[in-house]
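In: model the following, please.
(one chain, ligands or ions: 1)
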Amino acid sequence: MKQIREEILLIGGGGHCRGVIDVIEQEKRFKIAGIIEKFAGESQAIFNYPLIGCDDDLEELRKRYRYAFVTIGHIKSNSVRIKLFEKLKALNFTIPTIISPLAYCSQHATVDEGTVVMHHALINAGAKVGKNCIINSKAVLEHDSAVEDNCHISTASILNGAVLVKANSFVGSGVTTKEGIVLEGFIKAGSLVK
Ligand SMILES: CC(C)(COP(=O)(O)OP(=O)(O)OC[C@H]1O[C@@H](n2cnc3c(N)ncnc32)[C@H](O)[C@@H]1OP(=O)(O)O)[C@@H](O)C(=O)NCCC(=O)NCCS
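Out: So this is what the prediction gives:
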């Protein structure tokens with residue numbers, strides 16, 4: 001019997017959205033109903049998924065759709081991601097956790113709502129990831145590491161055992177950390193953090 005997939009709205013139609021679409025397609029849990037942009041008509045359809053409204057339409061769209069997910073990226077600032085996440089919560093959308101079937105997420109790890117775990121990321125035993133985060137492709141969160149809310153752990157970065165990343169941080173591509181340290185703020189791509 002064919003499984004009926006729930007429909008989901010994606011909020012933000014830029015480059016990160018394209019990556020998340022690929023994860024959702026592979027996960028096969030949701031059917032993408034369409035993309036929401038800041039202003040109507042701001043972008044074309046993405047991979048044949050239509051632009052179906054702007055931020056101001058979300059209240060009306062909530063009557064028809066239960067699930068929504070923020071697909072705006074985070075490098076310089078996460079303020080738009082946070083604003084939209086809070087708007088979705090206020091409108092009582094269900095914001096899922098989206099995990100690529102190509103990622104490994106330990107059954108002893110937790111990942112909170114609104115967080116996407118992209119292809120080939122690895123979240124090891126005892127790790128905790130907060131709300132509204134991006135755990136990008138090939139990132140490694142070693143055992144007992146913790147990532148607080150609204151962080152972006154970029155592509156191929158390595159958080160070694162028991163590292164804590166404080167809320168609202170950006171960890172650039174290819175960052176490597178010593179074990180057991182605390183990171184906060186903007187960590188440049190390629191840094192070794194001790
Ligand atoms: C790649 C990088 C090391 C380049 O360094 P650089 O050429 O010496 O330039 P800078 O360090 O001055 O910063 C360039 C950009 O990084 C970002 N940046 C740097 N420090 C920042 C800080 N403290 N807070 C927020 N953004 C910052 C800004 O986007 C800045 O853009 P701007 O020049 O328009 O302000 C560094 O900018 C970086 O880590 N960027 C993020 C790359 C990345 O990991 N992307 C994630 C892909 S998943």
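In: show me how the record splits the protein into domains.
Out: 6-90, 98-189 (automatic domain parsing).
In: what would those look like in a markdown table with mean neighbour count and mean pLDDT?
Out: For the C-beta atoms, the positions are set from N, CA and C on the backbone; glycine is no exception. Output for the domains of the chain, formatted as a markdown table (neighbours: other Cβ atoms under 10 Å; pLDDT from 0 to 100):
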| stretch | mean neighbour count | mean pLDDT |
| --- | --- | --- |
| domain 6-90 | 17 | 94 |
| domain 98-189 | 20 | 98 |
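In: distance check, residue 163 against the ligand.
Out: When distance is defined by Cβ to the nearest ligand atom, to the nearest Å, residue 163 is 17 Å away from the ligand.
In: chain center to stretch 78-85, what's the gap?
Out: 12 Å (Cα atoms, centre = their mean, to the nearest Å).
In: any bit of that stretch sitting next to the ligand?
Out: No - contact of stretch 78-85 with the ligand (Cβ under 6 Å from any ligand atom) is absent, the minimum separation being 9.9 Å.
In: which residues touch that stretch?
Out: 11-12, 55, 70, 72, 74, 95, 114, 131-132, 150-152, 168, 170 (Cβ atoms under 8 Å, 6 or more residues apart in numbering).
In: the ligand contacts on this structure?
Out: Residues of the chain lying near the ligand (Cβ under 6 Å from any ligand atom): 75-76, 136, 154-155, 172-173, 186, 188-189.
In: report the two of those separated the most.
Out: Greatest spacing in those, by Cβ to Cβ: 76 and 155 (16.6 Å).
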